[in-house]
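Chemist: Curious how this folds, go ahead:
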Amino acid sequence: MTHNIRWQILLILLGIVLVGVLLTYLAVNYTTEVLPGRGGTYVEGVAGFPQFLNPLLSPYSDTDRDLCSLLYSGLTRLGENGELIGDLARDWDVTIDGLQYTFRLRSNAYWHDGMPVTAGDVIFTFSLLQDPDFPAHPELGQAVWQAASIEWQDVHTVRIKLQEPYAPFLHYTTIGILPAHLLADVDPADLASHPFNLSPIGSGPFRLEEIEVEDGLVTSAVLQRHEDYHRTRPFIERIQFRFYASREEVLAAYAEGRIEGIGGLTPQELEAARAYPTLRLYSAPIAETAMVLLNLADDDLPFFQEAEVRQALLYALDRQQVIDEQLGGQAIVAHSPLMPGSWAYNEDVTQYEPDPELAGSLLDEAGWRRPLSGDRTRRKGDQQVSFTLLTWDEPQRIAVAAALADQWFSIGVSVTIEPLPAAQLHEALEDRDFDAVLIHVPTPGDPDPYALWHETQVDTGQNYSGLQHRRISEVIEQARVVSNAERRKGLYYEFQELFAQEMPALLLYVPAYTYGVDERIHDVQLGPLMSPSDRFQTIASWWIVPRRVLVGDGS
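Modeler: Down below sits the predicted model:
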């Protein structure tokens, strides 16, 4: 008996020694590496309540857009540099004349209810946009779709024919596709009131799992990872959105540990956000440009009609100072009317650095001189360089306008600030009833600037400044019909340089979108954003749950 016990003890000791040797070997030759693992729930707070979880109705609300960007897929989607890449479409081709587009769908794309995505769904969605009874938002391009014909080729192939070449057309194929098998029998005019809008079925990376409604308002929505998603499946298992009535409530929710992310932090909120050591801040330019539009068509403002004066007004501005002091540094100086970082952006375009002395010289050479005594406002004959600057009556916009006026005053230009409610400001633009106006102009996914700067849009379009420049109009026209990407790029480079020479509007800055996400969420990245919902473009790479693996030293 004693003999057997001794052998058992010896075997145990030998086992311990072997395990120790093995652990020592692993410790010397291998290390552990943390990699993304699947699982976890990310909780984000949003100011505002969703109403339409439907991509054809979501453009009216950023809150709706946020959820739809995760629930739905388009034929195409915008990449990080604004270029189009395939989403539901695995590929497509365009005829040489730019009139016919053929899209081939992925065979592995499925709706959240398990049904396959087919050409019929694409045709159904775009036919809704062709229906005059459907309440489409202008950015969905209803007029573009009404001038197109859509043909079924086979279960995974759709052909779209245009009446005339229109290079920006592909931008409209990013619209989320709807399921025909669930909505084909719904009258287009009734879609806005259909229950589908709060119980959506999409084909995006996440599906709606649960929604909470209190007193008629959606207070929470839980999205579950779509396991049959046709592109890279996210690591994160769930995303919960909690909706609040104000941004103050969102910040309070983070302080109380009820949420982990806050979208669209304003400059005024940054100081409070930076006080949280666990909140990581990510910033990226968003697709809009702040500028001062000048009324070039008003004969009572002759100085605006002189390119030298417009250039002087921009040279007089220290735009970085305005950004730092009025916007908390949350913007970048704008040198082009096109989006920085996009495929069409010209990094070598002529830039205007602050130079008040040069500004004064340009005004002197143009005959606008300071009087020797009395009022120091520059004048030529009985005409002064004096104008009224309209702006939205929001504190930050008013502060920016006041800063511009102060800088212009230093070179002898007199500016009166007139804040207006948003509706009145828009009315002044539409009526061309302004001297100058500080506005933020959205920059679309496709850079086509036709609406804002083509001479045919002066009277009834959005060319509010009244710019009439034949070469600029020609370049814009050509870029609209050329399907070759490099040729379009060259034309937009020329447009940007012509704009810099003429300076029909004073470009100020491109605002930054700031996103706060708790340190528990890893590998969050932001690129240039076309809209706030684009913060989820890289959602597939975010992760919460770590996965440890052994890695050899390679020796």
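Chemist: Just the element for residue 242, please.
Modeler: Applying DSSP states H and E as the criterion places residue 242 in strand 238-244.
Chemist: So for that strand, mean pLDDT?
Modeler: Strand 238-244 shows an average pLDDT of 98 in the prediction.
Chemist: by contact count, what packs against that strand?
Modeler: strand 41-47, helix 62-71, strand 217-225, helix 247-255 (3 or more CB pairs under 8 Å, 6 or more residues apart in numbering; DSSP states H and E). Any C-beta I mention is one placed from the backbone N, CA and C, and that applies to glycine too.
Chemist: out of these, which comes closest to residue 333?
Modeler: With distances scored as CB to CB, the stretch of these nearest to residue 333 is helix 62-71 (25.4 Å).
Chemist: what's the average pLDDT for the closest one?
Modeler: Averaging pLDDT along helix 62-71 gives 96.
Chemist: Beyond it, next helix or strand please.
Modeler: Counting by DSSP H and E, what follows helix 62-71 is strand 76-78.
Chemist: hmm, who's touching that next one?
Modeler: The set of residues external to strand 76-78 that reach it, using CB atoms under 8 Å, 6 or more residues apart in numbering, is 84-87, 89, 92, 170, 173-174, 445, 530, 534, 537.
Chemist: quick one: which of those is nearest residue 188?
Modeler: For the contacts of strand 76-78, the nearest to residue 188 is residue 173 (19.8 Å; CB to CB).
Chemist: Spit out the contact partners of residue 538.
Modeler: When contacts are counted by CB under 8 Å, 6+ apart, residue 538 touches 523-527.
Chemist: so can I have a markdown table of the residues you listed showing neighbour count?
Modeler: Formatted as a markdown table, these follow (neighbours: other CB atoms under 10 Å):
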| residue | neighbour count |
| --- | --- |
| 523 | 11 |
| 524 | 19 |
| 525 | 12 |
| 526 | 20 |
| 527 | 16 |
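Chemist: what about the strands in the stretch 1-150 of the chain?
Modeler: Taking DSSP state E, counting those that start in this stretch as the test, the strands found in the stretch 1-150 of the chain are 30-37, 41-47, 76-78, 84-86, 89-94, 100-105, 148-154.
Chemist: Which one of those strands lies nearest to residue 312?
Modeler: For residue 312, the closest of the strands of the stretch 1-150 of the chain is strand 76-78, at 37.4 Å, according to CB to CB.
Chemist: now that closest one: mean pLDDT?
Modeler: The average pLDDT within strand 76-78 is 92.
Chemist: average pLDDT for stretch 370-389?
Modeler: 90.
Chemist: next one: stretch 393-411
Modeler: 96.
Chemist: go on, stretch 443-458?
Modeler: 90.
Chemist: And for stretch 33-50?
Modeler: 93.
Chemist: Give me the buried positions along it.
Modeler: By neighbour count on 16 or more other CB atoms under 10 Å, the buried set for stretch 33-50 is 36, 40, 42-50.
Chemist: again with stretch 482-502
Modeler: Neighbour count says stretch 482-502 has 482-483, 488-500, 502 buried, by 16+ other CB under 10 Å.
Chemist: Identify all contacting residues around it.
Modeler: Stretch 482-502 is contacted by residues 94, 96, 98, 165, 167, 307, 310, 335-338, 343-346, 349-352, 447, 449, 453, 467, 469, 471-472, 475-476, 478-479 when judged by CB under 8 Å, 6+ apart.
Chemist: Just the buried ones among the residues you listed, please.
Modeler: 94, 98, 167, 310, 335-338, 343-346, 349, 352, 447, 449, 453, 467, 469, 472, 475-476, 478-479.
Chemist: which ones among these are found in helices?
Modeler: Mapping the buried ones among the contacts of stretch 482-502 onto helices (DSSP state H) picks out 310, 453, 472, 475-476, 478-479.
Chemist: buried residues in the strand or helix carrying residue 271?
Modeler: Using DSSP H and E, residue 271 sits within helix 267-274. Across helix 267-274, burial judged by 16+ other CB under 10 Å covers 267, 269-270, 273.
Chemist: For those, could you give me a markdown table that also reports distance to residue 507 and pLDDT?
Modeler: Below are those laid out as a markdown table (distance: CB to CB, whole Å; pLDDT from 0 to 100):
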| residue | distance to residue 507 | pLDDT |
| --- | --- | --- |
| 267 | 20 | 86 |
| 269 | 26 | 90 |
| 270 | 24 | 89 |
| 273 | 28 | 92 |
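Chemist: got those as TSV, with distance to residue 202 columns?
Modeler: Output for the buried residues of helix 267-274, formatted as TSV (distance: CB to CB, whole Å):
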residue	distance to residue 202
267	34
269	31
270	34
273	31
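Chemist: Just the angle for the helix or strand following the helix holding residue 271 relative to helix 267-274, thanks.
Modeler: Per DSSP H and E, helix 267-274 leads on to strand 279-285 as the next helix or strand towards the C-terminus. Here strand 279-285 runs at an angle of 150 degrees relative to helix 267-274 (axes from the mean of the first three to the mean of the last three CA atoms, to 10 degrees).
Chemist: domain parsing for the protein?
Modeler: 41-260+520-546, 288-511 (automatic domain parsing).
Chemist: Now stretch 377-389: buried residues?
Modeler: Buried-residue list, stretch 377-389, by 16+ other CB under 10 Å: 377-379, 384-387, 389.
Chemist: In JSON lines: the strands of the stretch 1-150 of the chain, plus distance to residue 356.
Modeler: Converted to JSON lines, those look like this (distance: least, CB to CB, whole Å):
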{"stretch": "strand 30-37", "distance to residue 356": "52"}
{"stretch": "strand 41-47", "distance to residue 356": "40"}
{"stretch": "strand 76-78", "distance to residue 356": "40"}
{"stretch": "strand 84-86", "distance to residue 356": "43"}
{"stretch": "strand 89-94", "distance to residue 356": "49"}
{"stretch": "strand 100-105", "distance to residue 356": "51"}
{"stretch": "strand 148-154", "distance to residue 356": "52"}
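Chemist: what's the closest of those to residue 239?
Modeler: Here strand 41-47 is closest among those (CB to CB), at 5.1 Å.
Chemist: Relative to that closest one, what are the paired strands and their orientations?
Modeler: strand 238-244 (parallel), strand 261-262 (parallel) (DSSP bridges).
Chemist: distance of residue 520 from residue 225?
Modeler: Distance, residue 520 to residue 225, using CB to CB, to the nearest Å: 18 Å.
Chemist: quick one, the longest strand belonging to the chain and helix 247-255 angle?
Modeler: Using DSSP state E, we find that the single longest strand of the chain is strand 505-518. Interaxial angle of strand 505-518 relative to helix 247-255 (the same axes, to 10 degrees): 30 degrees.
Chemist: now could you export just the CA positions of strand 505-518 as CSV?
Modeler: The C-alpha coordinates for strand 505-518 follow below in CSV (Å, rounded to 0.1, in the frame of the first residue of the first chain):
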residue,chain,number,x,y,z
ALA,A,505,-18.2,84.0,-52.2
LEU,A,506,-15.8,84.3,-49.3
LEU,A,507,-14.9,80.7,-48.2
LEU,A,508,-14.5,80.5,-44.4
TYR,A,509,-14.3,77.0,-42.9
VAL,A,510,-15.4,73.4,-43.1
PRO,A,511,-17.0,72.5,-39.7
ALA,A,512,-15.8,69.5,-37.8
TYR,A,513,-18.1,66.8,-36.5
THR,A,514,-16.9,65.6,-33.0
TYR,A,515,-17.9,62.2,-31.7
GLY,A,516,-17.5,61.2,-28.1
VAL,A,517,-17.1,57.4,-27.5
ASP,A,518,-16.2,55.7,-24.3
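Chemist: looking just at contacts, which helices and strands does that strand meet?
Modeler: Using 3+ CB pairs under 8 Å, 6+ apart, strand 505-518 sits against strand 261-262, helix 267-274, strand 279-285, strand 288-294, helix 307-315, helix 319-326, strand 331-333.
Chemist: Mind putting those into a markdown table with distance to residue 251?
Modeler: Shown next, in a markdown table, are the helices and strands packed on strand 505-518 (distance: least, CB to CB, whole Å):
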| stretch | distance to residue 251 |
| --- | --- |
| strand 261-262 | 7 |
| helix 267-274 | 6 |
| strand 279-285 | 10 |
| strand 288-294 | 24 |
| helix 307-315 | 37 |
| helix 319-326 | 21 |
| strand 331-333 | 21 |
